[in-house]
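Asker: sequence first, then the predicted structure:
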Amino acid sequence: MKILVLSPKPPWPPHDGGAVAILRGIEGMALNSAEISLLSMRTEKHPPSGPASDRKHLSFLKTYETVEVDTRIRPLQMLRNLSLSTEPYDLVRFSSDDFDGVMRRTIRDGGFDLVHCEGVLFTRYLRTIRRETSAPVVLRAHNIEHRIREMMARHSSGILRRAYLTNLADRLRRYETEAAQLFDAVVAISEPDLRWFRDVAPAGKPMLLSETGVAFPGYVSKTDEANFRVGFIGALNWQPNVQGLRWFTDRVWPVVSRALPEASLHIAGRGAPVRAPAWLRDKNITWRGETDDARQFMASVNVMIAPLFAGSGLRIKIIEAMSIGRPVVATAVA
């Protein structure tokens, strides 16, 4: 079977949960004898390296191409969207004529049996896909996006921010409901997400569950129990991670430090600013920035934390930490 995978981000390097989920998915399809072509957006959040440098890690792909897409938030566009449109700005930002053109050419030349879309944002491209091919088009939903915005609104202190997030959540709910109607099948990443899509999809719509796993790491050395180290890793350009981490450092870490003065907190993540923000400059907090090897970082600490108050899908870093024997202390949402 020839499958075209459309992705909002490159799967390599797999430094965040979304990239890991995409990588594991396409690896699984390839292991089941599918011929995979991958067309990926490359936004400002991703390194400027191109397919040539990634290819050695993605050698199982038939073809791999990336298209630069500028998704930066522009306040004037956001205000125009808020007043003149009913579409969610979070997804409008991923509209790209360049990507649309490359996608049309790829579909025409590929003769694909299936088009597999990694994320609800590709609902915007569905009409073009239908014009170019009669192959089934499948949505793989990494999250229920509107639930994340609802949770963010609930925990937001600013009145205007809370109102905007509530409005955005309503738009995303309508958008995701429409996606459940339009795609030929939906593949959810977790049981709660699958139940939501089943509730809003037409009767008889094919619905599948495809949870993301992790590779077994083999032997992992034990940590030094004499020097208690707590670790956090996550995308630090994703607001729920920043919000949860700041709550932890403000409310929880001072309590831990009083009880265990020798304990240290180590923070790593993609998209981090070059310098630690003021609220992370503490004698027993180490700012690591982006790390080349997430597993090695997790193996270097005694316990991992996942302080999230907004989320959906799966927390893949939790699964990875467990796979190397590291306990995880998490909020109920995580």
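Answerer: Sure thing, it's come through. Remember, it's a predicted structure, so these values are computed and weren't measured experimentally.

Asker: now do the strands in the stretch 51-200 of the chain.
Answerer: 63-68, 114-118, 137-141, 185-188 (DSSP state E, counting those that start in this stretch).

Asker: show residues contacting the shortest one.
Answerer: Outside strand 185-188, the residues within contact range by Cβ atoms under 8 Å, 6 or more residues apart in numbering are 136, 138-141, 179-180, 194, 197, 201, 205-210. C-beta: built from backbone N, CA, C; applies to glycine.

Asker: ok, of those, which come out buried?
Answerer: Neighbour counting by 16 or more other Cβ atoms under 10 Å classes Val138, Leu139, Arg140, Ala141, Ala179, Ala180, Leu194, Phe197, Ala201, Ser210 among these as buried.

Asker: report the beta-bridge partner residues of the fourth one.
Answerer: Using DSSP bridges, the bridge partners assigned to Ala141 are Ala188.

Asker: that one and Phe197 touch, don't they?
Answerer: Yes. With contact defined as Cβ atoms under 8 Å, Ala141 reaches Phe197; the gap is 6.7 Å.

Asker: what sits in contact with each of those two?
Answerer: Glu176, Val186, Ala188.

Asker: pLDDT below threshold where in the stretch 101-250 of the chain?
Answerer: For the stretch 101-250 of the chain, the stretches with pLDDT under 70 are 217-221, 224.

Asker: how about the helices in it?
Answerer: 126-132, 145-154, 159-182, 191-200, 239-247 (DSSP state H, counting those that start in this stretch).

Asker: closest one to Pro277 among these?
Answerer: Checking the helices of the stretch 101-250 of the chain against Pro277 by Cβ to Cβ gives helix 239-247 as the closest, at 8.6 Å.

Asker: buried ones in that closest one, by neighbour count?
Answerer: Neighbour-count burial for helix 239-247, counted by 16+ other Cβ under 10 Å, picks out Pro240, Asn241, Val242, Gln243, Gly244, Leu245, Trp247.

Asker: need phi/psi at Ile22.
Answerer: When read as degrees, to the nearest 10, the backbone of Ile22 gives phi -70, psi -50.

Asker: do the same with the one 10 residues further on
Answerer: When read as degrees, to the nearest 10, the backbone of Asn32 gives phi -100, psi 30.

Asker: check Ile285 too.
Answerer: Torsion angles, degrees, to the nearest 10, at Ile285: phi -120, psi 130.

Asker: so what touches the longest strand anywhere in the chain?
Answerer: Looking across the chain with DSSP state E, the single longest strand is strand 35-42. Strand 35-42 is contacted by residues 1-11, 26, 29-30, 50, 58, 60-69, 71, 94, 96, 99, 102-103, 106, 110, 112 when judged by Cβ under 8 Å, 6+ apart.

Asker: what pairs with that strand, parallel or antiparallel?
Answerer: Within its sheet, strand 35-42 is paired with strand 2-7 (parallel), strand 63-68 (parallel), according to DSSP bridges.

Asker: now render these as a markdown table, adding distance to Ala306 and mean pLDDT.
Answerer: Output for the strands paired with strand 35-42, formatted as a markdown table (distance: least, Cβ to Cβ, whole Å; pLDDT from 0 to 100):
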| stretch | distance to Ala306 | mean pLDDT |
| --- | --- | --- |
| strand 2-7 | 25 | 98 |
| strand 63-68 | 30 | 94 |
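
Asker: pipe the helices of the stretch 101-250 of the chain into TSV and attach distance to Thr291 per row.
Answerer: Below are the helices of the stretch 101-250 of the chain laid out as TSV (distance: least, Cβ to Cβ, whole Å):
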stretch	distance to Thr291
helix 126-132	37
helix 145-154	25
helix 159-182	30
helix 191-200	29
helix 239-247	15
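
Asker: out of the ones you listed, deepest packed?
Answerer: Across the helices of the stretch 101-250 of the chain, averaging neighbours per residue (mean count of other Cβ atoms under 10 Å) puts helix 145-154 on top, at a mean of 21.
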